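Enquirer: Dropping the sequence and predicted coords here.
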Amino acid sequence: MTKPHLAHLTLTGLLVLLTSLSLASHAGEPLIVVEDRGGTSALPYYEALNLQPRANAPARPPIPTPKLPATPADEAAMLPVRSAKLTPGTVARRVIEAPGLRPFVVIGDDDASRAWLQRRAAALRERGAVGLVVNVETMQGLARLRALVPGVPLAPVAGDDLAERLGLRHYPALITATGIEQ
């Protein structure tokens, strides 16, 4: 074995020894696993870190929140809403994993959506669902849908991006943290 190889092996062995010693010193400390499934706040763990702001860090401006339509006139300006990738039809039930997702419905101003809303109104209120109306032409159409489900907020929203992300082609549909169903 040549001197460079011997030096390399010695250096590698020394690094392995130092690494294993540092790992062994931490072996006695308890392992804390934090998993958030919505039941327990992680705040005590952050408070225990006692993090202080950096002295040289610039102040961050607050993140602007989008403004929701304040008046019917603002909402009327959003109409008509047409989502080319979503049409009335049958939605196959399937499982998704989206922990913490608030239940929401995807509907349109059509006979199938109106009948579906009437059948599911009480269940939607109980779940605290909100509604995205992805195909609606007029304020009157939106008002008719809202009258079918008092207590369930409905908003006109273009749904093509949502359709792509969820692999959804038809509505009406209920999307929850655990699945998509009709």
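Expert: Everything's here; your move. Numbering: from 1, shown residues only.
Enquirer: For the rest of this, base every contact and every neighbour count on C-alpha atoms.
Expert: Will do.
Enquirer: Which strand or helix spans residue 120?
Expert: helix 111-127 (DSSP states H and E).
Enquirer: Show me which residues of stretch 120-133 are buried.
Expert: For stretch 120-133, a neighbour-count test (16 or more other C-alpha atoms under 10 Å) marks 121, 124, 129-133 as buried.
Enquirer: Tell me what angle the helix or strand just after the helix holding residue 120 forms with helix 111-127.
Expert: Of the helices and strands lying after helix 111-127 in sequence (DSSP H and E), the nearest is strand 130-135. Here strand 130-135 runs at an angle of 170 degrees relative to helix 111-127 (axes from the mean of the first three to the mean of the last three C-alpha atoms, to 10 degrees).
Enquirer: Mind putting the buried residues of stretch 120-133 into a markdown table with pLDDT and distance to residue 84?
Expert: Listed next are those as a markdown table, based on pLDDT from 0 to 100; distance: C-alpha to C-alpha, whole Å:
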| residue | pLDDT | distance to residue 84 |
| --- | --- | --- |
| 121 | 97 | 26 |
| 124 | 97 | 26 |
| 129 | 96 | 24 |
| 130 | 96 | 22 |
| 131 | 97 | 18 |
| 132 | 97 | 15 |
| 133 | 98 | 13 |
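Enquirer: Kindly reformat those as JSON lines containing distance to residue 145.
Expert: Below are those laid out as JSON lines (distance: C-alpha to C-alpha, whole Å):
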{"residue": "121", "distance to residue 145": "11"}
{"residue": "124", "distance to residue 145": "14"}
{"residue": "129", "distance to residue 145": "14"}
{"residue": "130", "distance to residue 145": "12"}
{"residue": "131", "distance to residue 145": "10"}
{"residue": "132", "distance to residue 145": "11"}
{"residue": "133", "distance to residue 145": "9"}
